[in-house]
Structure formats: C-alpha cells, structure tokens
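Student: What follows is a predicted protein model with its sequence.
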Protein chains: 2
Amino acid sequence: MGHALAIIGLGKIVRDQHLPALAGCESLTLAATVDPVAPPLPGIPHFTSTGALLDAGIVLDAAAICTPPQMRAALALPLLARGIGVFLEKPPAAGMAQAALLANAASASGATLFAAWHSRMAAGVEPARQWLAGRAIEQVTIIWREDVRQWHPGQPWIWQAGGMGVFDPGINALSILTAILPDAVMLEGAQLEVPGNCQTPIAAQLALRSANGVPIRADFDFRQEGEQTWRIRVDTDAGPLLLDNGGAVLTLPGAAPAAAPDTEYPALYRRFAELLDAGTSDFDLAPLALVADAFLLGEAVRVDDFYE
Amino acid sequence: MGHALAIIGLGKIVRDQHLPALAGCESLTLAATVDPVAPPLPGIPHFTSTGALLDAGIVLDAAAICTPPQMRAALALPLLARGIGVFLEKPPAAGMAQAALLANAASASGATLFAAWHSRMAAGVEPARQWLAGRAIEQVTIIWREDVRQWHPGQPWIWQAGGMGVFDPGINALSILTAILPDAVMLEGAQLEVPGNCQTPIAAQLALRSANGVPIRADFDFRQEGEQTWRIRVDTDAGPLLLDNGGAVLTLPGAAPAAAPDTEYPALYRRFAELLDAGTSDFDLAPLALVADAFLLGEAVRVDDFYE
C-alpha cells in the first residue's frame, strides 16, 4: 500500500505530471483529492476543502500541495501540525517569511516537509554535480529563454504581484545552479525588465557569485520566439560542462551529449517517499531566496507593454 | 580588558552611536578601526582594508561591521572563517542569500554572529513583549511616518536599487513587531509607492498576519512633514498597548506613558559581549525576510518624482 497521500489542488500540472508519477510509485497511494472547483477522479474520495478532508477521518500520511503559491502555507500549516508530511510544488511558498514558518512548523511536529524542485531531478543534474565536485570552476553562464505565449497561455497571475514573471521558469534554472555547484550562491545585482502594464518582469539579467568567488551570469527572457533555450554552461579547468533542455541533456568536454527520458516527477515522489520513510525533511530555500533578492536588490527598467 | 573589537566602516552612525556605546562597555575594547577614507581615531590602530587589518597581526576577538549593507557579507566571511565574532548593523545583509551564507559560515567555524536590530533594544520593547505574552491579541497597527529630508539628507543610495527606500526605517518597526509578538509573522500583500525617478518606495502599505491569524497593518511613509510618528498599537482583550517614539515610550491600558533614556546601542554591545562570552549567535532574519517579501509580492504604483 505505501503512504496514504492526498493531492490538494487538481490543476494542469497535477493531471500532466503528478498523477502519472504517483501511478508508478509503489511507496505512495492516492487516498484523497481536494479542489474547490475541479471534478473528482474516479474512485478517489474528493473534498472541496482541506477542512472537509481532515474532518472526514481518512487516515493520511502525506499531502502534495499543488495550488497556486499564495495559499500553500495556509493549507500546509494544519497538515504539518497533525504530523502529516507535506510535498510542496515549486516555489515552496509565497515568500521567505511563509517558508520560515513552514520550516518551523515541520520542525515542531516532526512532520516531513519537502520543497519539490522538479528541475533538480532532470537526468543531467546529478551527474553534473558529481563531475563538477572535482573541478576548478571558472564561471557559469545561464541562458533561460522561452516564449511565454507558448508555455503560459491564459495565465494572467504570472504578471500580477507575486506571480514572479520570468522567474517562474527562471527559478528552475536557479534550482539546478544551486544543486550542481559545491558552494552557496549569492545575488550581487539584477536588472528586471518590467512591461508598463505588468507587475512582474518579462526578462531579467542577474549577476551572482558563489561563496568562493565564481562569477555567475543569468539571462532570463520570456520573449524568445523560434528556438527555445534552457542552458547552463559551467567553464572549468577541464573544459566546459553544458546542461541543455532544462537539465535533461548533459554534455561533458570531449563527449557526446547524454540524454535520458524525463522522469522528474517520478523521481520527486520517490524522494518524498524516502523522506517519509526516514522521517526527515528536504526544504532547501536557496532558489527562492535568490529570486526574493533579485526583487529586493534589482533595478527595474520599464519596457514595452505585454499583450498575450 | 574584555574582548578586542575592530570597527569596520567609520560613518556617522559609528561616531554618533557605536563609539559612545563602546566607551561605556567594560566587556569590549576597541582594538582597531578600518575605513578606506575616514580619518583614524586618536590612539587606535587604523587600516584602510580588512585585509590589512588581518595581516597586521592584531589579536581580535570580534568586529562590528558598519559599512553600507552591500559589502557586509564579503567583509564578514573572512572574519567568521577565522573564528572572529561579527556584529552586523541592520540590515544584516544585502539579501536573504547573503544572510544564509553568513549563518552557515558562523555555524561552520563556531564564531559568534549577531544581527544587531537596534530598535529591539528600545526601552519599551521588552516590557511590551512580556505584557503581550499573557494576552489575546486582536490586531496590530503600525504607523511609521517620517520626513526623509530631515532624517536622510544627502543619502542618494536610499533611492537606488537595494537601498530599500522607506523600508530603511520601516525595517526597524518590523524588528520590533517580530520581537514583541509571540507568533511568527507572514507578509500577505503590499503596495509600494515608488517615485518615477527612484528605484525604491517612498511609502508602503503592508498587510501581514501572524501564524495564529492576527491581522497586522503597517503604514510606512517618508513624506511626513510636521509631527513624526513611529507607533505600534496592539489591540488585546485587555485593551490597547501603545509603543511610541520607535519603541521608547510604552503605554499600557489605564497607565501613564512610560519612557526611559535611549540606551539602544549600549544594550546592543552588552548583548554582543554576552554572545561572545557564551560562544553563541543571535541572527534573526525575520525583519529582512518580511522586507524581501514586500518587494517580491508587493504591487508597485508609480507616484510623483522625488527631489531632495
């Protein structure tokens, strides 16, 4: 049977990724769903609120919270207080203060808390981390350029305050960066290009630096038509390492590109089950801290209005 | 003699506050100063860089870093690595990622790290915290309105990216708020009024909430002429508690206002000496996290250009 899990929020990402991943995960069993408007899944108990779920007396070991970020902390806190393990879609909270609160709540009750950075599970990421561990790193260049009209159609929230704009995909790059480098990363400065009719940036250039001084540049852009680019290049004393397609394709110096099928979400749930088994947490806030810092420290420049 | 301390950055706040406070602190001895441009103090060894200070072979137990926030982490890291305790003026870092790095560095070397929130040492704050501990809190209202031309003349950095604008004083209010409430505080939303010719807000309205649901409103404004207001009002089941003058004056229900002389910086150094004696740290990032969240989640509205 495995751990009994509820999914809270039944949106597109759940139907596309979470449900297929769970179907292949022996350690977790879908025990209930919660959504105020989406229809139930066949044969799975369904509730329109977490309050109703908790009142129903269903035995739960864990919950995956896949709602928009703004409401995740309020949903997670009563679960954590009952010792129910919580899987949080990225970003794990709407802000650093909420994130700290969740960490404290999990620590107080002993419940498992998992910040699920799916891009860290891309096939090339762990091999890249291992290869870099033995190298002198000279510089890092991130190019994350995609067409927002193609990937985020009909998502006005992304342009509203808190929606993060181009950092919605960009935080995936930062989650990989902070996983593969041996040292912590700081933000030194940023330029944010904000359309006149939006609250969040459509493009951003970041200047970062690792704790031991490696310069890192990131170029995020939502206006990329034609070829889409999700690349991290790490220059080392042994030549350049390339991660392409969002971490799926790894190219080491002198070698052919190595690709593998996408198993990000199955790997996320395997990891969550391991955390539940061990009674521990994995709640790394480094990617979110860098985004918060880009807004705190960045220079905003006004650019052309954006219309979908 | 007490702990040997270096002061890094000899600006106005050091001459006004740090030096008099140190002169009255038996547990700390000023052993050196560092500043690239300011003149030395009579009889105190002086250096133009921390590198030169460390090369000089002076025995140091501690350092107070009072430079602009942007460079503090880079200055603090080599000190912490050597086991030298670090006192950081507020805010303790330029961003959450730098702050996390500092915490990790102190933890790794065992050095003391102190985020010095001076407003928490205002006379009314600790009595307010104690009085509130036994009360049911209904709501909190913060009004922090001052005249930027009076308090920050000739400080263009405050309007540049990373300068935080009205959050430079506002973070003092947040440091008191997070000290006196028994529960953690989250930011739910914010409106930031940004002059067309500035990068940072001249006013901000924040909607916050404590972990157990208490609504909190904050009104920060740099455009206040005439009477200046630094007030926190906490409504409780036993009536309202008022903290005025930035925490210096406490008024409990049915009682006369209680005021005391300003001893914020002497209290900060006393606390730092205690931390050094105990070999522990006090590095609370809650006020900075709330400011970062206000920039991350807040809605910016354009207001009139500001000219000093």
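Tutor: Looks like it arrived, so ask away.
Student: residues contacting A:I84?
Tutor: By CB atoms under 8 Å, 6 or more residues apart in numbering or on different chains, A:I84 lies in contact with A:60-63, A:111. All C-beta atoms are positioned from the backbone trio N, CA, C, and that covers glycine.
Student: Which pLDDT value goes with it?
Tutor: Per-residue confidence (pLDDT) for A:I84: 98.
Student: can whichever strand or helix holds A:A63 be found next to chain B?
Tutor: A:A63 belongs to strand A:62-65 when assigned by DSSP states H and E. No. Using CB under 8 Å from any CB of the partner chain, we find that strand A:62-65 stays clear of chain B, coming within 15.9 Å at best.
Student: Dump the contacts of A:I84 to TSV, plus neighbour count and pLDDT.
Tutor: Shown next, in TSV, are these (neighbours: other CB atoms under 10 Å in any protein chain shown; pLDDT from 0 to 100):
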residue	neighbour count	pLDDT
A:L60	20	96
A:D61	19	97
A:A62	26	98
A:A63	26	98
A:A111	22	98
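Student: List the contacts of the least confident helix or strand in chain A by mean pLDDT.
Tutor: Within chain A, confidence by mean pLDDT, DSSP states H and E is lowest for helix A:12-13 among all helices and strands, at a mean of 88. Contact with helix A:12-13 is made by A:66, A:89, as judged by CB under 8 Å, 6+ apart.
Student: Within its sheet, name the partner strands of the strand holding A:A63 and how each one runs.
Tutor: Applying DSSP bridges, strand A:62-65 is found paired with strand A:3-8 (parallel), strand A:85-88 (parallel).
Student: gap between whatever helix or strand comes next after the last one and the chain center?
Tutor: Scanning forward in sequence from strand A:85-88 by DSSP H and E, the next helix or strand is helix A:96-109. In terms of CA atoms, centre = their mean, to the nearest Å, the centre of helix A:96-109 is set 18 Å apart from its chain centre.
Student: Please name every helix or strand in contact with helix A:96-109.
Tutor: helix A:72-81, strand A:85-88, strand A:113-115, helix A:286-297, strand B:185-195, helix B:286-297 (3 or more CB pairs under 8 Å, 6 or more residues apart in numbering or on different chains; DSSP states H and E).
Student: 7 Å instead?
Tutor: helix A:72-81, strand A:113-115, helix A:286-297, strand B:185-195, helix B:286-297 (3 or more CB pairs under 7 Å, 6 or more residues apart in numbering or on different chains; DSSP states H and E).
Student: Show me the contact partners of the second one.
Tutor: Outside strand A:113-115, the residues that touch it by CB atoms under 7 Å, 6 or more residues apart in numbering or on different chains are A:80, A:86-88, A:92, A:102-103, A:106, A:272, A:275, A:281-285.
Student: Show me which of those residues are buried.
Tutor: A:80, A:86-88, A:92, A:102-103, A:106, A:272, A:275, A:281, A:283-285 (16 or more other CB atoms under 10 Å in any protein chain shown).
Student: Let me know the closest of these to chain B.
Tutor: A:L285 (7.7 Å; CB to the nearest CB).
Student: quick check: domain ranges of chain A?
Tutor: A:3-116, A:120-260+A:292-303 (automatic domain parsing).
Student: Which one, of those domains, ends up nearest to B:V303?
Tutor: Relative to B:V303, the nearest member of the domains of chain A by CB to CB is domain A:120-260+A:292-303, separated by 14.4 Å.
Student: Residue of the stretch 51-200 of chain A closest to chain B, please.
Tutor: Closest point on the stretch 51-200 of chain A to chain B, by CB to the nearest CB, is A:G95, at 3.5 Å.
Student: pretty sure that residue is touching B:G298, no?
Tutor: No. Counting by CB atoms under 7 Å, A:G95 stays clear of B:G298, with 10.1 Å between them.
Student: Give me the more crowded residue out of the two.
Tutor: Between A:G95 and B:G298, A:G95 has the larger neighbour count (other CB atoms under 10 Å in any protein chain shown), namely 27 against 23.
Student: where's the residue in the stretch 201-308 of chain A positioned nearest to chain B relative to A:L132, distance?
Tutor: Per CB to the nearest CB, A:D293 is where the stretch 201-308 of chain A lies closest to chain B, at 3.5 Å. To A:L132, A:D293 is 23 Å away according to CB to CB, to the nearest Å.
Student: Please identify which of the two sits among more neighbours.
Tutor: A:D293 (29 against 18).
Student: Tell me who's in contact with the more buried one.
Tutor: Here A:D293 is in contact with A:187, B:95-97, B:292 (CB under 7 Å, 6+ apart).
Student: Could you say which helix or strand holds A:Q139?
Tutor: strand A:137-145.
Student: Downstream of the least confident helix or strand of chain A, the next helix or strand is which one?
Tutor: helix A:19-23.
Student: Near chain B, which residues of the stretch 201-308 of chain A are found?
Tutor: A:211, A:286, A:289-293, A:295-300 (CB under 7 Å from any CB of the partner chain).
Student: Using PDB, write down the CA coordinates of stretch A:91-111.
Tutor: Extracted in PDB, the C-alpha atoms of stretch A:91-111 (Å, rounded to 0.1, in the frame of the first residue of the first chain):
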ATOM      1  CA  PRO A  91       8.100  27.600  -5.400                       C
ATOM      2  CA  PRO A  92       7.500  26.100  -1.900                       C
ATOM      3  CA  ALA A  93       5.900  29.300  -0.500                       C
ATOM      4  CA  ALA A  94       4.900  32.800  -1.400                       C
ATOM      5  CA  GLY A  95       7.900  34.500   0.200                       C
ATOM      6  CA  MET A  96      10.600  33.800   2.700                       C
ATOM      7  CA  ALA A  97       8.600  34.600   5.800                       C
ATOM      8  CA  GLN A  98       6.000  31.900   4.900                       C
ATOM      9  CA  ALA A  99       8.800  29.500   4.100                       C
ATOM     10  CA  ALA A 100      10.400  30.000   7.500                       C
ATOM     11  CA  LEU A 101       7.100  29.500   9.200                       C
ATOM     12  CA  LEU A 102       6.600  26.200   7.400                       C
ATOM     13  CA  ALA A 103      10.100  25.000   8.300                       C
ATOM     14  CA  ASN A 104       9.400  25.800  12.000                       C
ATOM     15  CA  ALA A 105       6.100  24.100  11.900                       C
ATOM     16  CA  ALA A 106       7.600  20.900  10.400                       C
ATOM     17  CA  SER A 107      10.400  21.000  12.900                       C
ATOM     18  CA  ALA A 108       8.000  21.400  15.800                       C
ATOM     19  CA  SER A 109       5.800  18.500  14.900                       C
ATOM     20  CA  GLY A 110       8.400  16.300  13.300                       C
ATOM     21  CA  ALA A 111       6.500  16.100  10.100                       C
END
